[in-house]
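Kindly return the folded structure for what I paste below:
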Amino acid sequence: MSKFTELKTISCTICGSSFTKKSNLNSHMRIHSGEKPFSCEVCEASFSRKQHFMTHMLIHTGDKPFSCEICQTSFAAKATLISHLRTHTGEKPFRCEICESSFTQKSNLTKHIRVHTGEAPFSCEICSSSFSEKSNLTKHIQRHTGEKRLPCEICGSLFSDKSNLTNHMRIHTGEKPFCCEICESAFAQKSSLKRHMRIHTADEAFSCEICGSSFTEKSNLTKHVRIHTGEKPFSCDVCGSSFLRKQHFTIHMRIHTGEKPFSCEICNFAFSAKSRLKKHMCKHTGEKQFFCKTCRSEFTTEKNLKEHMKKHTDHKAC
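Purely as a prediction, here's the structure:
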């Protein structure tokens with residue numbers, strides 16, 4: 001018999017995946033059963049695989065045995081070091097076969113593929129909303145529970161997860177760690193940098209089938225389509241007003257609640273919308289945001305610009 005006879009495989013009775021070892025099949029079955037037999041005695045986190053449990057334990061011991069030879073950053077897991085090294089080399093070995101986008105980690109490719117397939121495997125048991133990423137489901141559930149455990153030490157604002165707190169802290173520190181390599185613009189959030197980069201790449205992947213308008217983000221296309229359909233999904237339970245965008249609905253609700261969360265630091269005047277505070281600040285700073293396209297005159301308020309524009313229209317009428 002040949003030394004390289006075909007290996008006998010064992011198949012999963014639920015999804016059909018095949019394995020050469022029973023131990024691998026047993027580990028795989030925990031995906032379906034949800035079983036997590038490896039528990040941390042320190043924080044009670046549980047895991048389906050021993051390898052993941054061992055990596056987790058390094059969080060508590062503080063042991064980071066894997067170091068980057070380029071920047072000396074240390075990591076608890078070798079896999080994390082390998083992923084980190086790609087930030088230095090620029091290597092993106094995981095490529096999407098549909099749009100050819102490339103990624104440094106396989107998990108990011110998996111998440112990206114769901115943009116094309118529309119798959120949203122993580123469902124909320126309370127309202128049945130579905131999400132493509134588990135982290136988004138976790139954030140969503142906190143909206144139901146109202147749980148916010150992480151406070152800002154400067155202003156006392158509470159946040160449901162560490163990433164939101166980190167982003168918020170940049171408001172106080174002014175830190176903008178995400179820089180554009182083309183024009184050197186800097187941003188507080190990575191998502192803002194990604195949106196900005198599309199200005200340089202002219203990447204407008206989402207097109208309106210009705211009028212042909214193109215958008216760099218799917219969410220902006222969704223909002224745009226409502227102009228054609230007339231859909232106003234955000235309704236006020238108090239007065240019945242409906243809105244195209246959630247942002248406009250949120251601002252409207254403050255009419256009923258009286259909430260004015262945006263305050264002027266100079267005169268303490270408060271506003272229900274950030275845009276109104278911005279306009280108000282121009283009175284203090286003298287900044288002129290509005291300009292006439294006809295004669296290039298500048299104005300601090302839109303109202304003053306409109307009054308000015310009448311001069312041009314009246315002149316044409318004569």
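
What strand or helix carries the residue lying closest to residue 73 once chain neighbours are set aside?
Excluding its sequence neighbours, the residue lying closest to residue 73 (Cβ to Cβ, 6 or more residues apart in numbering) is residue 84, at 6.5 Å. To be clear about C-beta, it is placed using only N, CA and C from the backbone, and glycine gets the same treatment. Residue 84 belongs to helix 78-89 when assigned by DSSP states H and E.

Might you calculate how far that helix sits from the centre of the chain?
Helix 78-89 sits 23 Å away from the centroid of its parent chain (Cα atoms, centre = their mean, to the nearest Å).

what's next to the next helix or strand after it, contact-wise?
In the C-terminal direction, the helix or strand that comes right after helix 78-89 (DSSP H and E) is strand 94-95. Counting by Cβ atoms under 8 Å, 6 or more residues apart in numbering, strand 94-95 makes contact with 101, 102, 103, 104, 105, 106, 108, 109, all of which sit outside it.

give me that answer again for 10 Å
Where contact means Cβ atoms under 10 Å, 6 or more residues apart in numbering, the residues beyond strand 94-95 that reach it are 86, 101, 102, 103, 104, 105, 106, 107, 108, 109, 110, 112.

That one pairs with which strands?
Note on strand 94-95: by DSSP bridges, its sheet partners are strand 102-103 (antiparallel).

For the strand it pairs with, what does the pLDDT average out to?
Confidence for strand 102-103, expressed as mean pLDDT, is 88.

Next: stretch 172-183.
Looking at stretch 172-183 alone, the average pLDDT works out to 86.

So, low pLDDT: which residues of this protein?
1-8, 146, 148, 201-205, 314-318 (pLDDT under 70).

circling back to that earlier point, now do the same contact list for the residue nearest to residue 73.
Residue 84 makes contact with 66, 68, 70, 71, 73, 74, 75, 104, according to Cβ under 10 Å, 6+ apart.

Residue 31 touches residue 24, doesn't it?
No - between residue 31 and residue 24 no contact is recorded; they are 11.8 Å apart, counting by Cβ atoms under 10 Å.

residues near the residue lying closest to residue 9 once chain neighbours are set aside, how many?
Of all residues beyond its chain neighbours, the one nearest residue 9 is residue 18 (4.2 Å), with distances taken as Cβ to Cβ, 6+ apart. Burial measure for residue 18: 12 neighbouring residues, criterion other Cβ atoms under 10 Å.

which element is the residue sitting nearest the centre point of the chain on?
Residue closest to the average C-alpha location in the chain (Cα atoms, centre = their mean): residue 191, at 6.3 Å. Assigned by DSSP H and E, residue 191 belongs to helix 190-201.

Who are the packing partners of that helix?
helix 162-173, strand 178-179, strand 186-187 (3 or more Cβ pairs under 10 Å, 6 or more residues apart in numbering; DSSP states H and E).
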